[in-house]
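Novice: I would like to see how this sequence folds:
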Amino acid sequence: MEPEARKALYRWAVILIGVGAVLFLATLVGVVQSNTAPWGPDEPIRDWLLSVRSELLTVVMIFLAVLFGPVALPIIVLVVTVVWGFAAKHAWRPLVLAGAMITGVVASQIILQIIKRARPPVELMLFGADHTFSFPSGHVLGACDFLLVGTFLIFSRRENTRSAVLGFVGAGVGIVLAALSRLYLGYHWLSDALASLSLSLVILGAVIALDTWRTARIPGERITGELSKADAPGD
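Specialist: Below is the predicted model of the structure:
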């Protein structure tokens, strides 16, 4: 890895961690100050989504909610990591993706139990009642981690910048759909989804820093090993 490329990736890592941390803290402060009730645009967005509900749209949103849910998504991640590991013949990137997903799950569960924010009214939920806590959204955080971290790990190995941009645009569309499904179905506030996105940005930044450090370190170790062999006496 060229030094300038490595520095650029480290800068992006710092920026993502900083932006994610600031966005999460701003959202958290707003939620706490409102006594975990609706905050800022939470109610206007909810009211707008209620006004656009339809039978077809509900079916689509339920499908998205199941796809990014706690049953389907872990299966998808497991299949992707195993197939990816065998296809690429190495375990680093699949394990990093799995580790990022697990980190998100652990972080969300801890925050859920600390903040203890109530979900929107049960009568607004379209896919069964859910009385668990709301902040942050586990569905959205899982979707963000899977799409953002997966996109980085795939496209950071390619020199084509356009493909990376398209990859992240696709990831962004998937994240928006995942968040909309949870808000539309009545299970979360907008601030829950924003908190999940901000946490995922922090995780993505940490992954970029870790992956860049490892990628830059391994070639150096290989060169050192090759020099050692070259210095060794011949047979």
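
Novice: which residues make contact with stretch 187-195 from outside it?
Specialist: Outside stretch 187-195, the residues that touch it by Cβ atoms under 8 Å, 6 or more residues apart in numbering are 23-24, 27-28, 30-31, 38-42, 45-46, 65, 111, 117, 119-120, 125, 127, 130, 134-137, 139-140, 179, 182-183. In short, each C-beta sits where N, CA and C put it, glycine included.

Novice: for the record, mean pLDDT for the helix or strand encompassing Val169?
Specialist: Assigned by DSSP states H and E, Val169 belongs to helix 161-184. The pLDDT scores in helix 161-184 average 90.

Novice: Show me what counts as buried in that helix.
Specialist: 164, 167, 171, 174-175, 178-184 (16 or more other Cβ atoms under 10 Å).

Novice: most centrally placed residue in this structure?
Specialist: Taking Cα atoms, centre = their mean, the centroid of the chain lies closest to Asp145, which sits 1.9 Å from it.

Novice: returning to that earlier point: just the ones of the contacts of stretch 187-195 in helices?
Specialist: Among those, the members falling in helices (DSSP state H) are 23-24, 27-28, 30-31, 42, 45-46, 65, 111, 139-140, 179, 182-183.

Novice: and those, which two are the farthest apart?
Specialist: Spatial extent of the ones in helices among the contacts of stretch 187-195 (Cβ to Cβ) is set by the pair Gly30 and Ala65 at 25.1 Å.

Novice: Test my guess that Pro70 contacts Gly138.
Specialist: Yes. If you go by Cβ atoms under 8 Å, Pro70 and Gly138 touch, sitting 6.8 Å apart.

Novice: Look at those two and report which has more neighbours.
Specialist: Gly138 (23 against 11; other Cβ atoms under 10 Å).

Novice: Could you check how far Val96 is from Gly30?
Specialist: 32 Å (Cβ to Cβ, to the nearest Å).

Novice: Next: Arg162.
Specialist: 37 Å.

Novice: Show me which of Gly30 and Ala65 is the more surrounded one.
Specialist: Higher neighbour count among Gly30 and Ala65: Ala65, with 20 against 15, using other Cβ under 10 Å.

Novice: what about that one, distance to Arg158?
Specialist: Per Cβ to Cβ, Ala65 is found 32 Å from Arg158.

Novice: Equivalent analysis for Glu4, please.
Specialist: Glu4 is 17 Å from Arg158, where distance means Cβ to Cβ.

Novice: Look at these two and report which has more neighbours.
Specialist: Neighbour count, other Cβ under 10 Å: between Glu4 and Arg158, Arg158 has more, with 11 against 8.

Novice: and the more buried one, helix, strand or coil?
Specialist: Assigned with DSSP: H, G, I helix; E, B strand; the rest coil, Arg158 falls in the coil class.

Novice: Gly142 too?
Specialist: helix.

Novice: List the contacts of it.
Specialist: Counted by Cβ under 8 Å, 6+ apart, Gly142 has contacts 68, 70, 73, 101, 104-105.

Novice: Can you read off the pLDDT for it?
Specialist: Here the pLDDT value assigned to Gly142 is 92.

Novice: can you tell me how far it sits from Arg182?
Specialist: In terms of Cβ to Cβ, Gly142 sits 11 Å off from Arg182.

Novice: again with Thr58
Specialist: To Arg182, Thr58 is 13 Å away according to Cβ to Cβ.

Novice: Over to Ile154?
Specialist: 26 Å.

Novice: likewise Glu159?
Specialist: For Glu159 relative to Arg182 (Cβ to Cβ), the value is 36 Å.

Novice: Please apply the same query to Ala21.
Specialist: 23 Å.

Novice: what's the answer for Trp189, then?
Specialist: Distance, Trp189 to Arg182, by Cβ to Cβ: 9 Å.
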